[in-house]
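Participant: model the following, please.
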Amino acid sequence: MELIIRNTTNQPIYEQIYSQLKAQIIAGSLSPGEALPSIRALAKDLKISVITTKRAYDELEAEGFLYTIAGKGCFVAEKNLNLIREQQLKELEDHLSAAVELSKSCGVSGSELQKMLHILLEEESQ
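Facilitator: Reported below is the predicted structural model:
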């Protein structure tokens with residue numbers, strides 16, 4: 001497991017840990033049942049606060065990506081593909097809502113926005 005923490009980004013450190021671990025779990029780089037480093041060990045390796053590491057692990061556990069066994073540690077949970085898809089769809093909806101709001105402030109019509117999306121999708125498929 002490799003995590004890269006950047007101080008040059010505006011993203012909080014716990015979010016960097018959270019998003020990198022989540023991406024590794026979704027991609028299958030971390031297998032279900034695999035033990036993660038202890039909160040203290042990870043904090044020490046990254047030279048960050050234990051509280052920061054705990055927050056990232058807590059959020060992953062709350063979303064069903066990790067589970068904790070008292071006295072044993074944190075482990076990668078079995079992937080719930082439906083849950084992952086729902087979370088990704090929600091994130092997509094948030095981005096699209098932001099695009100709609102931005103298009104309104106720029107005076108871009110709905111049909112123009114649809115054309116832009118269509119062009120981007122065509123470029124992506126090539």
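Participant: which SS class is the residue nearest to the spatial centre of the chain?
Facilitator: Closest to where the C-alpha atoms of the chain average out (CA atoms, centre = their mean) is residue 19, at 3.4 Å. Here residue 19 is helix, with the state taken from DSSP: H, G, I helix; E, B strand; the rest coil.
Participant: pull the contacting residues for it.
Facilitator: residue 11 (CB atoms under 8 Å, 6 or more residues apart in numbering). (Each C-beta comes from the backbone N, C-alpha and C, glycine too.)
Participant: how near is it to residue 28?
Facilitator: 16 Å (CB to CB, to the nearest Å).
Participant: related to what we said a few turns ago, tell me the pLDDT at the residue nearest to the centre of the chain?
Facilitator: Listed pLDDT for residue 19 reads 93.
Participant: what of the one 4 residues further on?
Facilitator: Reading off the confidence values, residue 23 has pLDDT 89.
Participant: again, but for residue 54
Facilitator: Confidence score, pLDDT, at residue 54: 96.
Participant: give me the neighbour count for it.
Facilitator: 16 (other CB atoms under 10 Å).
Participant: do the same with the one 3 residues further on
Facilitator: Neighbour count for residue 57, taken as other CB under 10 Å: 24.
Participant: for it, which non-adjacent residue is spatially closest?
Facilitator: Computed as CB to CB, 6 or more residues apart in numbering, the closest residue to residue 57 that is not its neighbour in sequence is residue 74, at 5.6 Å.
Participant: tell me the buried residues in the helix-or-strand element of the chain with minimal mean pLDDT?
Facilitator: Lowest on mean pLDDT, DSSP states H and E among the helices and strands of the chain sits helix 81-106, with a mean of 88. Neighbour-count burial for helix 81-106 flags 84, 87 (criterion: 16 or more other CB atoms under 10 Å).
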